[in-house]
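Trainee: when you get a sec, could you give me coordinates for this:
(chains A and B, ligands or ions: 4)
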Amino acid sequence: MRTLFRFHGGIHPDEHKLESSESPARRAPLAKKLVLPLHQHIGNGAKVAVQVGDRVLKGQMLAGAQGMISAAIHAPTSGTVTAVAPHPVPHPSRLGGLCIHLESDGEDRWIALAPLDFHAMPKSELLGKLRDAGIVGLGGATFPTHVKYGLAPGQRIDTLVINGAECEPWITTDDRLMREHAEGIVRGIEVLRHLSGAAEVLVGIEDNKPQAIAAMRAACAAAPIEVVVVPTLYPSGGEKQLIRILTGKEVPSGGRPTNIGVACNNVATAYAIHRFVDHGEPMISRQVTVTGNVRVPQNIEVLIGTPLAEVVACAEALPGTSGYILGGPMMGLHVDDLHLPMVKSANCIIAKSGQLFPPPPPAMPCIRCTRCAQACPADLQPQDLYWFAKSNNFGKTQEFHLFDCIECGACAYVCPSHIPLVQYFRFAKSEIWQREREAQSAEVARERHEFRQFRIEREKQEKAERLAQKEKAALAAKPAVPAPLPVAADPNADPDNTLQMRVDADIARANMQMRIDAAVARAKEQAAIVQPKNTDDLTPHQQAEITEIETRRAKLREIASHAGADDEPSKSN
Amino acid sequence: MITALLVMIGISLALGAVLGFSAIKFKVEGNPLVEKIDAVLPQTQCGQCGYPGCKPYAEAIAKGEADINKCPPGGEEGIRKLADLLGVDYKPFGEGAAPKAKAVAFIDEQTCIGCTLCLQACPVDAIAGAAKQMHTIIASECTGCELCVEPCPVDCISMKLIPEDISNWKWPYPVYALTPVRNEARKVEAS
Ligand code: SF4
Ligand code: SF4
Ligand code: SF4
Ligand code: SF4
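Mentor: Residues are numbered from 1 along each chain as shown, chains lettered A, B, ... in the order given. Ligands and ions are numbered 1, 2, ... in the order given. Modelled structure (predicted):
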């Protein structure tokens, strides 16, 4: 029997799991129109790789990973790309994001699929394949999996923690997945074990899921994987909390689990990896719990991009539904309508009703009871963080480790004054990020400004030097060049001699011409000097931007010249 | 008595020598206060403070010649930081010096005649181009200082507000009513 550890705090909210956990998962019908946000993971959005009008097959890559932290997006079904345009996406801002719009042709035709022999390829290649398969963490944070296992040299992973705790109320997708697809999950865990090189693999499951525990134990019997039952306590499914429970190790403040030799992935991620490695299927669907104020709460396998309204329709929302929660009631996103597409992070849709989710009682002043601090799993002082965030004292919030807050909502849950504490923490975090962005761009501007001043100074000096040199050169060259011919050189000449006068005039003209030539040359040289040179020293990114603009201009010019031919006459009259 | 005097003189001479030496040896380049103030300023380099750039304004503040509320791009937050740094009181913006929403310059490429005037005005070299060629703003480097707008002889530069999108969206300050129940109760009582 393994000794388990306790994390600080934690709460016991009503579970509401049985509503949806007892019926088998089913598949949502194929939607006519799918909308695929480019930004479904932490990091950079994906880069569109198809054009409007393209016919694509199920599983074809629509957008590729871009930059270090990113993942690809694939066509969830076969059909035609109808647009690449903004569309509302599940985000607290309620703003739109760029999405690929796909019209399905109903045939659901796959690309050629082939399993992957992951043992035979170098790890870096396997990581690249996971990135191109769009594999991201399905536990909620959607962190690209390949980034997690792209270890820095010298870093080692001893323990691989597989998260099947599913501690948030109402959600049962991992439960169902473990009951129905334990074998597949174990196959995925094998891949992760290979990637991490971990000697120890622990699967943590809360004790409120006995069937899932039994299924996983049976599937793991032959493998060196230990299924560990952990007591039900919210938020034991938090990455840091589960690691603490299973290993007793504490992820350092501001650090990653890999810092202490631990990697953590969700069971659903392991299953998605199995689908990719053993069947060649990229991440195009996920399982989601639809529950709350619906007639048939259940788990549904949904293609990414399916309108949420169609997902909820499968479970039949009951009258009295006042809104929806995407995710769980503790950490989820409250949305009013369902004109949103399914994304990789959505693990649950809860229909709210006044009865199930009564509006929160009005907030009262903080009485500093410190109940929030007792409940905080990150061992923070929420009442202090709240005080500082409220008074815009962001430096202090950072001193009190605001960024260790996992936004679990335990503090707000226990607060007798019903203060929306997490909202304050999110507000403070985004203000601090904004400031950091601003400080960074100010730093860049300062550097550029200083470089410009240096450049101007340098150009001035260079110009002065060149002038001085030229003058010297002119002085030195004087005897060599046909020096100004002596005017009235012959003292014996008859001043009245007309021939002599004509010669003098010729000489004068020649002198003048020489002077003009010199002036023109000088002007030319000066022009060359003052010619601004800020197109030197460009970063590749800027260079790319300029090239792009140049091509756009070329196109515009072409259009303009075509249009000009028709325009000119009408303009002139 | 004389010895004591000589000892005191000797000590003071020795200490003076040490002080003088360290003043030369550990000389701080530039004024550290200026650097600190400059670090708080937004580096927009717009000159709205009445000085030709952020650094000159920082120098003026350090000398005590300028007020701390002269930099609109820095916003009230900037004034607060300056007040904190200098240990003086917060001062609101004067008339007509309110901060504007952040924007970047945009050149109408069809109209640009390639005169290089804007390019010479830009304090952060955020405009790419050469004589008689169309110019373009490198938006990621533009600080929105508007200095390039005025010199353009064909008025082809305009300032475009940076739209709010998911990447720069911020969580709003939580707004909720404190104990409205009691107010209602009071109203009921009053009526
Ligand atoms: S639980 Fe609420 S009232 Fe108590 S200290 Fe925390 S924030 Fe204040
Ligand atoms: S939301 Fe943050 S502060 Fe509140 S209990 Fe969770 S981790 Fe602690
Ligand atoms: S007003 Fe403009 S130039 Fe002056 S300090 Fe502020 S940003 Fe810099
Ligand atoms: S492009 Fe114009 S607005 Fe932008 S930094 Fe340069 S001068 Fe200022």
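
Trainee: show the pLDDT at A:Arg6.
Mentor: For A:Arg6, the model assigns a pLDDT of 92.

Trainee: next one: phi and psi at it?
Mentor: Backbone dihedrals for A:Arg6, given as degrees, to the nearest 10, come out at phi -110, psi 140.

Trainee: from what I can see it touches A:Gln241, true?
Mentor: No - at 9.7 Å, A:Arg6 and A:Gln241 do not qualify as touching, with contact defined as C-beta atoms under 8 Å. Just so you know, the C-beta spots here come from the backbone N, C-alpha and C atoms, and that holds for glycine as well.

Trainee: who's more crowded, the two?
Mentor: Set A:Arg6 next to A:Gln241 and count neighbours by other C-beta atoms under 10 Å in any protein chain shown: A:Gln241 wins out with 29 against 13.

Trainee: ok, whichever residue of the stretch 151-300 of chain A sits closest to ligand 2 to B:Pro151 distance?
Mentor: Residue nearest to ligand 2 within the stretch 151-300 of chain A: A:Pro235 (7.4 Å; C-beta to the nearest ligand atom). Going from A:Pro235 to B:Pro151 by C-beta to C-beta, to the nearest Å gives 58 Å.

Trainee: which of these two has more neighbours?
Mentor: Set A:Pro235 next to B:Pro151 and count neighbours by other C-beta under 10 Å: A:Pro235 wins out with 27 against 15.

Trainee: which one is that one nearest to, not counting chain neighbours?
Mentor: Sequence neighbours aside, A:Cys408 is the residue nearest to A:Pro235 in space, at 4.5 Å (criterion: C-beta to C-beta, 6 or more residues apart in numbering or on different chains).

Trainee: what helix or strand is that neighbour located in?
Mentor: Assigned by DSSP states H and E, A:Cys408 belongs to no helix or strand.

Trainee: try the one 5 residues further on
Mentor: Assessed by DSSP H and E, A:Tyr413 sits inside helix A:410-414.

Trainee: what about that helix, average pLDDT?
Mentor: Mean per-residue pLDDT for helix A:410-414: 94.

Trainee: who's in contact with that helix?
Mentor: With contact meaning C-beta atoms under 8 Å, 6 or more residues apart in numbering or on different chains, helix A:410-414 is reached by A:9-11, A:13, A:234-235, A:330, A:371-377, A:382, A:418-422.

Trainee: may I see the ChimeraX selection of the buried members of these?
Mentor: Selection command for ChimeraX covering only the buried members of the contacts of helix A:410-414, criterion 16 or more other C-beta atoms under 10 Å in any protein chain shown:
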select /A:9,10,11,13,234,235,330,371,372,373,375,376,377,382,419,420,421,422
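
Trainee: could you report the pLDDT at B:Glu146?
Mentor: pLDDT, B:Glu146: 89.

Trainee: how much space between it and B:Ile157?
Mentor: Taking C-beta to C-beta, one finds B:Glu146 at 9 Å from B:Ile157.

Trainee: still on that earlier bit, so what's the residue count around the residue nearest to A:Pro235?
Mentor: If you count neighbours by other C-beta under 10 Å, A:Cys408 ends up with 25.

Trainee: now swap in B:Gly114 and tell me
Mentor: When neighbours are defined as other C-beta under 10 Å, B:Gly114 has 13 of them.

Trainee: low-confidence stretches in chain B?
Mentor: Within chain B, the stretches with pLDDT under 70 are B:27-30, B:96, B:176-191.

Trainee: hmm, 80 instead?
Mentor: Applying pLDDT under 80 to chain B flags residues B:1, B:22-31, B:94-99, B:175-191.

Trainee: for stretch A:202-211, C-alpha coordinates in PDB please.
Mentor: The C-alpha trace of stretch A:202-211 is given here as PDB (Å, rounded to 0.1, in the frame of the first residue of the first chain):
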ATOM      1  CA  LEU A 202       1.100   6.200 -11.300                       C
ATOM      2  CA  VAL A 203      -2.500   6.600 -12.300                       C
ATOM      3  CA  GLY A 204      -4.400   8.600  -9.700                       C
ATOM      4  CA  ILE A 205      -8.200   8.100  -9.500                       C
ATOM      5  CA  GLU A 206     -10.500   9.500  -6.900                       C
ATOM      6  CA  ASP A 207     -12.300   6.800  -4.800                       C
ATOM      7  CA  ASN A 208     -15.700   7.900  -6.000                       C
ATOM      8  CA  LYS A 209     -15.200   6.000  -9.300                       C
ATOM      9  CA  PRO A 210     -15.000   2.400  -8.300                       C
ATOM     10  CA  GLN A 211     -15.900   1.000 -11.800                       C
END
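
Trainee: tell me which residues are up against that stretch.
Mentor: Taking C-beta under 8 Å, 6+ apart as the rule, stretch A:202-211 contacts A:15, A:17, A:21, A:159-167, A:175, A:178-179, A:189, A:212-213, A:216, A:220, A:225-233, A:236-237, A:242, A:245-247, A:267.

Trainee: kind regards, and thank you for your time.
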